[in-house]
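The following block contains a protein sequence and its predicted model.
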Number of protein chains: 2
Amino acid sequence: MGDKPIWEQIGSSFIQHYYQLFDNDRTQLGAIYIDASCLTWEGQQFQGKAAIVEKLSSLPFQKIQHSITAQDHQPTPDSCIISMVVGQLKVMMPLPRRAPSCASGTPRRARHSSHQPHRAIFKLHEVKRNKIKM
Amino acid sequence: MGDKPIWEQIGSSFIQHYYQLFDNDRTQLGAIYIDASCLTWEGQQFQGKAAIVEKLSSLPFQKIQHSITAQDHQPTPDSCIISMVVGQLKVMMPLPRRAPSCASGTPRRARHSSHQPHRAIFKLHEVKRNKIKM
């Protein structure tokens, strides 16, 4: 890990921290959001710590498990880190139903020295097999 | 479109412009990148207009067609727009082979008044059908 650029190390640590909180007790995510934070969840927009925590807490699944398959990080000119995460979800719903099996998210930290996702976009998409026209 | 927030209108217009250039003649993307731009392509990192255009121009497919299925945009405190795009790819390779059928990208503009993706992350992923544990 020592050979990786500092923004990759910080970004990777933050993503691990973020999804651990999300999977174990997502009400605790309130500790890392701030009032300037924005969240887009499946096209719905939320701004501010209270609105974001309310949305995340009210999601219909009881248990969720993120399995990250890839993550990329870039530093930005204003000392932030932008991250893109791709992975799969396992969810426990109140009533069994078809669940999204792939997710992309871009939690973004405010400053290198803190752990605050200023901007986060989540997009769930069902996995379908498509025929590719060559 | 008039009812949408200004950052959604600008972000959507930029994404349309960006992928039109990408699909028609991706060497023309050099016109919108700047020397401070960063690109992550399947985990490989490139910085600066010249390196990014060289990478995009040398991609092995002859023709590509992006089909955007969803896009989300958020304004940032430093007057930028962060976008996440999810869609499907149709590619024409020199030799037929299995092609990626899903892509996520986050082209990001520098300022509202310009069209410069400061940060872009592309992640292609094959589509597989997975069994979800409920």
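That came in fine, so what should we check first? Numbers count the residues shown, from 1 in each chain, chains lettered A, B, ... in the order given.

now the end-to-end length of stretch A:50-64.
One end of stretch A:50-64 to the other measures 21 Å (CA to CA, to the nearest Å).

and what of stretch A:38-49?
The stretch stretch A:38-49 measures 8 Å between its terminal residues, going by CA to CA.

buried set for it?
A:38, A:39, A:40, A:41, A:45, A:46, A:49 (16 or more other CB atoms under 10 Å in any protein chain shown). Where C-beta positions appear, they are placed from N, C-alpha and C, glycine not excepted.

Now the fourth one. Nearest residue, chain neighbours left out?
This points to residue A:41. The shortest distance from residue A:41 to any non-neighbouring residue, by CB to CB, 6 or more residues apart in numbering or on different chains, is to residue A:122 (5.2 Å).

Spell out which helix or strand contains the one you found, please.
Of the helices and strands defined by DSSP states H and E, residue A:122 is found in strand A:117-124.

what's the answer for residue A:61, then?
Using DSSP H and E, residue A:61 is not contained in any helix or strand.

neighbours of the closest residue to it other than its chain neighbours, just the number please.
Among residues not flanking residue A:61 along the chain, residue A:91 sits closest, at 4.2 Å (CB to CB, 6+ apart). Look at residue A:91: counted by other CB atoms under 10 Å in any protein chain shown, it has 20 neighbours.

Which neighbouring elements make contact with the helix ranked longest in chain A?
Scanning chain A for the helix with the most residues, using DSSP state H, yields helix A:6-25. Secondary structure elements in contact with helix A:6-25, counted by 3 or more CB pairs under 8 Å, 6 or more residues apart in numbering or on different chains; DSSP states H and E, are strand A:63-75, strand A:81-92, strand A:108-109.

next SSE after that helix?
strand A:38-41.

quick one: least confident helix or strand in chain A?
The weakest-scoring helix or strand in chain A, judged by mean pLDDT, DSSP states H and E, is strand A:108-109 (a mean of 49).

Point out where chain A drops to low pLDDT.
A:1-2, A:93-118, A:123-134 (pLDDT under 70).

List the residues that contact the closest residue to residue A:29 other than its chain neighbours.
Distance criterion CB to CB, 6+ apart; nearest residue to residue A:29, sequence neighbours excluded, is residue A:21 at 5.3 Å. Residues near residue A:21 by CB atoms under 8 Å, 6 or more residues apart in numbering or on different chains: A:28, A:29, A:31, A:32.

Dump the residues you listed to TSV, plus neighbour count.
Formatted as TSV, the contacts of residue A:21 follow (neighbours: other CB atoms under 10 Å in any protein chain shown):
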residue	neighbour count
A:28	13
A:29	20
A:31	11
A:32	19
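
now, which of the residues you listed sits nearest residue A:69?
Using CB to CB, residue A:29 comes nearest to residue A:69 of the contacts of residue A:21, at 21.7 Å.

I'd say the closest one and residue A:53 touch.
Yes: counting by CB atoms under 8 Å, residue A:29 does reach residue A:53; the two are 6.4 Å apart.

hang on, the residue nearest to residue A:61 packs against residue A:63?
Yes: applying CB under 8 Å, one finds residue A:91 in contact with residue A:63, separated by 7.1 Å.

Give me the residues contacting stretch A:61-75.
Stretch A:61-75 has contacts (CB under 8 Å, 6+ apart) with A:5, A:7-8, A:10-12, A:15, A:19, A:22-23, A:26, A:81-94, A:99, A:103, B:38, B:40, B:43, B:45, B:119, B:121, B:123, B:125.
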